[in-house]
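In: next input, structure requested:
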Amino acid sequence: MEQFLKALPKVELHAHLNGSLGIDSLRDLAERLNGSASDKFLELCFIRSEKDLDACFETFTFVHQLTSSPDGLRYATELAVRDFAHDNVQYVELRTTPKATANYSRREYLEIVIDAIIGARKKYPYIMVKLLPSINRAEPVDVAKETVSLALQLAQTHPDLILGIDLSGNPAKGRFSDFAPTLAKAREKGLKLVIHCAEINNPLEVKEMLEFGMSRCGHGSFLTMEEIKQLKERNVPVECCLTSNIKSGTVSSLKEHHLKRIMEAGAPKVICTDDSGVFDTTLTRELLLATETFGLTREDCIALTLEAVHHSFASDQERKKMVETVVNYAASLLK
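Out: Numbering: from 1, shown residues only. Next up, the predicted model:
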């Protein structure tokens, strides 16, 4: 099964740029910037057995150190694309929060990432990469407004690249209602919305988010069956990230993962990595975990991949190409 899943042309819809660098890429990045990468530093970059969501967010501090310069950010973006390409991912929507440092502004941050994605197309032509600028709910609303403004401006010059806005960050910080007007503006201007929702047990906020609406629901760990039914009626998929949820402690075990309830309800879902580097996983491994835990077959995995194509923000032509790639792979197994 693992070999089958590795070769399957996969679709990744929930991946944070700074969290998607595998250990080899982090070492390559550290060595390029500093000449060496200590084992202790690399160890701090990974969550292997934590059960604490706050600890997971602290881990990103170490990765952000490596991307605090234009060269580091540019190379990190290329390496993230490389890691997904090596896992035979044919399409990925990368999310990243534009940051302002002594070395670049938020606009320059996004421009560097865009330039790196475009450059990576030459080295990895078989993977399509899209960009979803992220709003960090732990930051002020004015920063969110700037992020949406930049996304809208850059979407004009890169309409095939910037397709939506992500709301993420520590779910215990900030209030969704404060960001709702800014998100509404993004949606009115044509950007899709992906929202981290029900990542922690916060029923009042989940109700607000569902009433507000979204294109895809990130995590959904604490969704009730009634809320899952609501998403099903609206054809809104839940982005399920198994390893991430276990290692961050929002789900107690794989057998208790909400993916099971979602599948039983016949609701839309996609399997994703969230932060493949930080959580030491790949999309192949996440699908393998789903097959081992819930008894999914090869046909189920192909269906899940086609479902991910359907819920991607790709163009109709790009979706058609992805479907053909998956169908051709499935057909080759019968020969």
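
In: gap between stretch 193-213 and the chain center?
Out: 17 Å (CA atoms, centre = their mean, to the nearest Å).

In: contacts for that stretch?
Out: Stretch 193-213 is contacted by residues 13-14, 53, 95, 132, 164-169, 171-172, 175-177, 180, 183-184, 186-187, 214-224, 227, 230-231, 234, 236, 239, 250 when judged by CB atoms under 8 Å, 6 or more residues apart in numbering. In short, each C-beta sits where N, CA and C put it, glycine included.

In: tell me how far the ends of that stretch are from each other?
Out: Terminal residues of stretch 193-213 lie 8 Å apart, using CA to CA, to the nearest Å.

In: so which bits of the helix or strand hosting L231 are buried?
Out: Per DSSP states H and E: L231 is located in helix 225-233. For helix 225-233, burial by neighbour count (16 or more other CB atoms under 10 Å) applies to 227-228, 230-232.

In: same check, this time on stretch 11-23
Out: 11-22.

In: ok, now stretch 124-132?
Out: Buried, per 16+ other CB under 10 Å, within stretch 124-132: 124, 127-132.

In: quick one, phi/psi of I162?
Out: phi -90, psi 110 (degrees, to the nearest 10).

In: repeat that for S134.
Out: Torsion angles, degrees, to the nearest 10, at S134: phi -110, psi 140.

In: now do the contacts for it.
Out: Contacts of S134 by CB under 8 Å, 6+ apart are 16, 95-98, 147, 165-169.

In: ok, what's across the strand from it?
Out: When bridges are called by DSSP bridges, S134 pairs up with D166.

In: use 7 as the first number for this chain going forward.
Out: Fine by me, first position is 7 from now on; the one you just mentioned is S140.

In: and it, how far is that from G180?
Out: Separation of S140 from G180 (CB to CB, to the nearest Å) stands at 13 Å.

In: closest one to K198 out of the contacts of S140, please.
Out: I171 (7.5 Å; CB to CB).

In: returning to what we had before: by contact count, what packs against the helix holding L237?
Out: helix 209-218, helix 265-270 (3 or more CB pairs under 8 Å, 6 or more residues apart in numbering; DSSP states H and E).

In: which strands and helices sit next to the helix or strand following the shortest one?
Out: Read it as helix 265-270. Sequence-wise, the next helix or strand downstream of helix 265-270 (DSSP H and E) is strand 275-277. Packing partners of strand 275-277 (3+ CB pairs under 8 Å, 6+ apart): strand 16-22, strand 244-246, helix 265-270, helix 289-300, helix 304-317.

In: mind listing what's buried along stretch 167-183?
Out: 167-177, 180, 182.

In: swap in stretch 263-279?
Out: Quick answer for stretch 263-279 (16+ other CB under 10 Å): 263-265, 267-269, 273-279.

In: also stretch 95-113?
Out: 95-105, 109-110, 112.

In: narrow those residues to those in helices?
Out: Secondary structure from DSSP state H places R112 of these in helices.

In: how about the buried residues of stretch 95-113, which pair is most distant?
Out: Greatest spatial distance in these: Q96 and N109, 33.1 Å, computed using CB to CB.

In: tell me the mean pLDDT over stretch 320-333?
Out: Mean pLDDT, computed over stretch 320-333, is 98.

In: go on, stretch 131-138?
Out: Stretch 131-138 comes out at a mean pLDDT of 98.

In: where in this structure is the helix or strand with the lowest mean pLDDT?
Out: Sorted by mean pLDDT, DSSP states H and E, the helices and strands of the chain end with helix 45-50, the least confident at a mean of 56.

In: now T103: how far from I141?
Out: 7 Å.

In: which residues are common contacts for those two?
Out: Joint contacts of T103 and I141 (CB under 8 Å, 6+ apart) are 153, 174-175.

In: so which of these are in helices?
Out: T153.

In: may I see the shared contacts of T103 and I141 arranged in TSV, with distance to P146 and pLDDT as well?
Out: Formatted as TSV, the shared contacts of T103 and I141 follow (distance: CB to CB, whole Å; pLDDT from 0 to 100):
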residue	distance to P146	pLDDT
T153	11	98
S174	15	97
G175	12	95
